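Engineer: coords below, sequence missing:
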């Protein structure tokens with residue numbers, strides 16, 4: 001099987017046995033769904049330093065547009081049938097331009113504002129915010145931030161965030 005490269009920087013496509021080069025995509029002449037200008041837009045997008053997932057989406061659509069079957073696309077790119085089916089459907093319904101709109105992975109709900117506020121709270125005493133207790137717990141930080149910012153995450157996640165900042169709710173003066 002051929003090993004290809006997927007960027008102008010000649011970096012291999014991660015965890016894949018095959019990938020189209022920009023030159024190979026330019027050689028594909030027949031087009032089932034895209035106009036020549038639409039195809040050029042997708043091909044031009046491959047020249048940028050894209051995340052591998054975005055690059056794979058474009059390759060799926062270009063191969064499908066050239067008449068490749070879903071099975072062949074999956075074999076060539078090493079992608080799942082679900083991914084191929086989705087991006088082929090996007091191509092067929094003229095939504096090819098949305099290759100970078102769909103999120104990848106779990107949405108991030110904790111914002112920079114949330115992290116800064118968490119840090120402010122844990123550095124200060126809970127009594128400054130009207131609470132009767134002397135030190136924060138992950139549970140109380142969670143409740144306070146949910147009320148204040150409308151974002152609720154688990155106690156475990158609060159503890160992980162604090163640890164990543166070098167902070168803790170544990171009293172070190174014992």
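Structural biologist: Okay, I see it. In this text the structure is predicted, and so the values were computed from the model without any measurement. Numbering: from 1, shown residues only.
Engineer: Which positions within stretch 141-156 qualify as buried?
Structural biologist: By neighbour count with 16 or more other C-beta atoms under 10 Å, stretch 141-156 contains the buried residues 141-142, 144-145, 153. C-betas here are computed from N, CA, C, even on glycine.
Engineer: Ends of that stretch, what's the gap?
Structural biologist: 11 Å (C-alpha to C-alpha, to the nearest Å).
Engineer: Pull the residues that contact it.
Structural biologist: For stretch 141-156, the surrounding residues in contact (C-beta atoms under 8 Å, 6 or more residues apart in numbering) are 109-111, 113-114, 117-118, 121-122, 129, 138-139, 158, 169.
Engineer: coming back round to it: so which of the buried residues of stretch 141-156 is the closest to residue 74?
Structural biologist: For these, the residue nearest residue 74 by C-beta to C-beta is residue 153; the value is 36.3 Å.
Engineer: May I ask you to confirm that that closest one belongs to a strand?
Structural biologist: No. Per DSSP: H, G, I helix; E, B strand; the rest coil, residue 153 lies outside any strand segment and is coil.
Engineer: can you put the buried residues of stretch 141-156 in CSV and add distance to residue 54, pLDDT and secondary structure?
Structural biologist: Output for the buried residues of stretch 141-156, formatted as CSV (distance: C-beta to C-beta, whole Å; pLDDT from 0 to 100; DSSP: H, G, I helix; E, B strand; the rest coil):
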residue, distance to residue 54, pLDDT, secondary structure
141, 36, 96, helix
142, 35, 94, helix
144, 38, 95, helix
145, 33, 94, helix
153, 28, 90, coil
